[in-house]
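Q: take this sequence and fold it.
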Amino acid sequence: SATVASPGAPVPGGCGPATKTQNTFYPLVSLSTDSSESHSTTVSIEAARPSGLLVSACSAVPEDRFTYKVYRVVLAGVDAFSVEMYLTALDQMATVAGILNRSDAELLHNITNASMDAVSVQYELDVGVVYGAVVIDNMLNTSMAYVPSGAYHCTQYVDPVLQYGSPCKVMLSKTNDLALETLVNDQVMTFHIDPSASEAGFAVVQTHSQLHRVRASSQLGPLLKPPSSDATVSSNTGVVFPIVPHGQFDYFTAMYAFVEANALVKTVFYPYSVPLPGGCCKDCKQEDVFAKASPPLVVAFNETVTTVDFNDAAILINGTWQCAHQIASVRVTYDLYALPLNSSKEPDLFSGVQSMSTVEGMQQYGDKVRSFLADSDSYSASFPVQPGRGRVYGVVVSSMALPSAAQHSDGAVQQSSYVPASSYDCAFVSSRYDNDGQICQLVLAPDEPYFSSVNASSNLSLVLNDWAPSAAKWTFVIMSAHTQRTPVLSSLDRVVSLESAYSGVNAAVSKLLSVSGDNEHAMLYISQASRSAAAGNTNVLVVANPYTEDVPIPGACCLTCSLDIDANLNISFFRYTTTVAFHSANIGYRTKSPPLCYSANTPVQARLKYYLYKYEMNYADFAEASLFDAYGKMSTLAGVLHHGKKMRLLPTSYARLRHATLTTARGTGTVYNILVVDPGTGKQSVYSPSVSYGCDLDGKVLGCDSIGECLPYIIHTNCRLAILIRYVVKSICPAVSTCICTCKAMLPEAQAA
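A: Residues are numbered from 1 along each chain as shown. All right, here's what the predicted structure looks like:
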């Protein structure tokens, strides 16, 4: 942020020891923390200087000329570790008005030059603190704020080897039971269980991650260590803590990730009257029951079935935890629920596990698929494997005392839930396509862009969501992969062949779906084309566009293509012209024998109309995010009609390769697409889009690196004045190649100009 001083405002830090010249000053609020048991922070600021006064005259400033006020804002509770709240506090504490407008800004000290000294304040652990200061010129009645500083006085991530620092604790309580955190490679993240619970019981802390496995463990006291090597490593983990009302102990959970990963942390609190999920431990001492409890479900799959396993619960009888299946006086049942996910995106997974984390959530959102009566120390259920179709599984355990039992004589049902587990029946991370086991097919929602990345040693495997209600009417699908610089290989088959693959920065492949009404899976496999480690990670945008019967099939009339259907646009550019080339479409059909593309008589495809559309980005905007945004808008039929600008109707032609020639707009990223319309049916579809910047992003000839040397001059004129304007513009802008002359008619002299 930048703060502009009003006329006559004092210069903060202008007369401090760090000031050497007239133009230097030190306006920062400095913090020095004592990490000993005193828990104190020293807040200091440099003395101010009157506006316009020389540094050499600082000693002559009257002692009562300035008043200094030091403020503090404390971020606690739910907002303690919110990046947004922390940055907002810093931004507001950077101005006088911002400090005065914050009702939670605490005035720590009000001092003058005569008593100017460092301020020592006590701090608390696990809260964010932002310190600010204001200097007031009592003579001119002006003021100015110092640059604020913030601190947490703890280490949010603890090195698992050195184990240094006081770990920050994210408080988990009944009112704050959810946290979404990013786990950093080889570092430990800690969560603090609120010891001030109003009733005795236990808390189940669960962690969930999609792509990477996490190791979790429970610990007592503030000395934090990494989870032990024998702790469970899973994408879904859970640990149990006993809760002592207003107890003196702090309970921690420590999470450890092997790579950077997002994790959802959910806490569920229960009284002792409910079953302890996974608490059956035959050989455990009573004090070890919570540490040995295994509340998460375990999901595994092979080529044919998916299995869900979980351990028996424990019931508290006369102060002793006993395995549920060994208690004759209590009836215990298990209900297994399943919740299908809408997509393979991480937010959908986190939403699903959050919904299935409680008894109420499972009963409201899940489908009951199995029930068990407590008669064993473990339970298992099997389902047919369905790769790519994500599900969240959960179990509700219910206990009810039988009429003859002394406990629970009222027969009330006591319920708790296991930690849910998710499965896509496939593995998300694979180094090669021919790995053992299923590779995850990320589910592509129809007409919805999907963002991911690939590198030299990893691939991307995707499947079209063909269990949607409208899928029964689909006849073909175009699946496109788009990057900015690095070519990728798109393939319909796991084993790449010329008949099923296409390579480029825009690589689209198309598939005719089954004509029997039972649609085949539309698979797409994406990898880097070069397989060079030097290419690093390549971001890729993937879109699947399914179409129904009678819709024109883009690129389906190409007798020289290796692909049966080639919906790719091929763009080439020169200094003055850009050419968009594409293969002809075929009319829509749902028969085994497609209509002939070329015949002695006029082919039926001649009725198809082709319209050129474009979407322009900002001049000299070469950002990848901008390109992907443009691709997302121009990849679907609805997007082209809404965001694209119709350029022209292309002339009727019987050529196998059609093309359109345009004026090159050097430095302006333009995404092109072709809309094909069948007047006979009124149906329409679009090709796979492609982009041209009118320059080469990496080339030395016609490269984009010179773009931006001067602003482009867009001149609309009569072509007979074009040559004259060329010389006028050249005198204004030496980089004449960036000057564009748009004429009313394309005459030879215009092209020369």
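
Q: apart from its neighbours in sequence, what residue is nearest L596?
A: Once flanking residues are discounted, L596 sits nearest to P603: 6.7 Å by Cβ to Cβ, 6 or more residues apart in numbering. Placement of C-beta: from N, CA and C, glycine included.

Q: is C323 in contact with I317, as I believe?
A: No: in this structure, C323 is not within contact of I317 by Cβ atoms under 8 Å, at 10.5 Å.

Q: spell out, range by range, the helices that occur in the protein.
A: Secondary structure of the chain (DSSP state H): helices located at 83-92, 96-101, 289-292, 346-355, 359-365, 624-634, 637-643, 722-732, 748-752.

Q: now for those helices, which one comes closest to R389?
A: helix 346-355 (12.2 Å; Cβ to Cβ).

Q: who does the closest one touch, helix- and strand-wise?
A: strand 201-208, strand 261-271, helix 359-365, strand 391-401, strand 421-423 (3 or more Cβ pairs under 8 Å, 6 or more residues apart in numbering; DSSP states H and E).

Q: strands along the stretch 201-350 of the chain, start to end?
A: Ranges of strands within the stretch 201-350 of the chain are 201-208, 214-220, 233-234, 236-243, 251-257, 261-271, 298-301, 305-311, 314-317, 320-323, 330-340, based on DSSP state E, counting those that start in this stretch.

Q: equivalent analysis for the stretch 501-650 of the chain, please.
A: Ranges of strands within the stretch 501-650 of the chain are 501-504, 506-512, 523-528, 538-548, 553-557, 570-573, 577-586, 609-619, 645-649, based on DSSP E, counting those that start in this stretch.

Q: buried stuff in the second one?
A: Going back to what we said before, that points to strand 506-512. Within strand 506-512, the residues that count as buried by 16 or more other Cβ atoms under 10 Å are 506-512.

Q: let me know the closest of those to A89.
A: Distance to A89, by Cβ to Cβ, is smallest for N506 among these, at 44.9 Å.

Q: identify the bridge partners of that closest one.
A: Here N506 sits in beta bridges with H482, going by DSSP bridges.

Q: where does the stretch 501-650 of the chain dip in pLDDT?
A: 514-521, 531-535, 590-592, 599-602 (pLDDT under 70).

Q: revised request: answer the last question for the stretch 51-200 of the chain.
A: 77-82, 113-119, 123-126, 153-198.

Q: let's see it at 50
A: Applying pLDDT under 50 to the stretch 51-200 of the chain flags residues 157-165, 185-186.

Q: in it, which spans are strands?
A: Going by DSSP E, counting those that start in this stretch, the stretch 51-200 of the chain shows strands at 66-75, 106-112, 119-122, 128-137, 142-145, 149-151, 157-158, 170-172, 178-183, 188-193.

Q: what pairs with the second one, parallel or antiparallel?
A: What it means is strand 106-112. When pairs are called by DSSP bridges, strand 106-112 turns out to pair with strand 66-75 (antiparallel).

Q: compute the inter-axis angle for the partner strand and strand 128-137.
A: Interaxial angle, strand 66-75 versus strand 128-137 (axes from the mean of the first three to the mean of the last three Cα atoms, to 10 degrees): 160 degrees.

Q: would you put the C-alpha positions of strand 66-75 in CSV?
A: Listed next in CSV are the C-alpha coordinates belonging to strand 66-75 (Å, rounded to 0.1, in the frame of the first residue of the first chain):
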residue,chain,number,x,y,z
PHE,A,66,4.9,16.0,18.6
THR,A,67,2.6,13.5,20.2
TYR,A,68,3.0,9.8,19.4
LYS,A,69,0.2,7.3,19.8
VAL,A,70,0.8,3.5,19.6
TYR,A,71,-2.1,1.2,18.8
ARG,A,72,-2.7,-2.5,18.7
VAL,A,73,-5.3,-4.7,17.0
VAL,A,74,-5.6,-8.3,18.1
LEU,A,75,-6.9,-11.0,15.8
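
Q: and it, what's buried?
A: 66-75.

Q: residues making contact with that strand?
A: Outside strand 66-75, the residues that touch it by Cβ atoms under 8 Å, 6 or more residues apart in numbering are 10, 29, 43, 45, 47-48, 82, 85-86, 89, 93, 99, 102, 104-113, 116, 119, 121, 124, 127-138.

Q: which non-adjacent residue is nearest S380?
A: Nearest to S380 is D309, by Cβ to Cβ, 6+ apart, at 4.8 Å.

Q: distance of the one you found from P340?
A: 20 Å (Cβ to Cβ, to the nearest Å).

Q: what of P603?
A: Distance check for P603 against P340: by Cβ to Cβ, it reads 45 Å.

Q: who has more neighbours, these two?
A: Neighbours per residue (other Cβ atoms under 10 Å) separate P603 from P340, with P603 holding more: 18 against 13.

Q: isn't N506 right next to S690, touching?
A: Yes: using Cβ under 8 Å, N506 is in contact with S690, at 4.7 Å.

Q: now the common contact residues for those two.
A: With Cβ under 8 Å, 6+ apart as the test, N506 and S690 both reach 568-569.

Q: tell me how far the residue nearest to N455 when sequence neighbours are not counted lies from V73.
A: Here the nearest residue to N455 in space, its sequence neighbours aside, is N537; by Cβ to Cβ, 6+ apart that works out to 4.9 Å. As judged by Cβ to Cβ, N537 and V73 stand 39 Å apart.

Q: what's the answer for G52, then?
A: According to Cβ to Cβ, G52 and V73 sit 32 Å apart.

Q: repeat that for A374.
A: Computed as Cβ to Cβ, the A374 to V73 distance reads 53 Å.

Q: do the same with N618
A: In terms of Cβ to Cβ, N618 sits 38 Å off from V73.

Q: over to A501?
A: Taking Cβ to Cβ, one finds A501 at 58 Å from V73.

Q: next: L28.
A: 17 Å.

Q: could you do Y693 as well?
A: Using Cβ to Cβ, we find Y693 at a distance of 46 Å from V73.

Q: F383 now?
A: Taking Cβ to Cβ, one finds F383 at 53 Å from V73.

Q: ok, now V61?
A: For V61 relative to V73 (Cβ to Cβ), the value is 30 Å.

Q: so what's F622 up against?
A: Contacts of F622 (Cβ under 8 Å, 6+ apart): 669, 693, 697, 704, 707.

Q: try 10 Å this time
A: 484, 667, 669, 693, 695, 697, 704-705, 707-708 (Cβ atoms under 10 Å, 6 or more residues apart in numbering).
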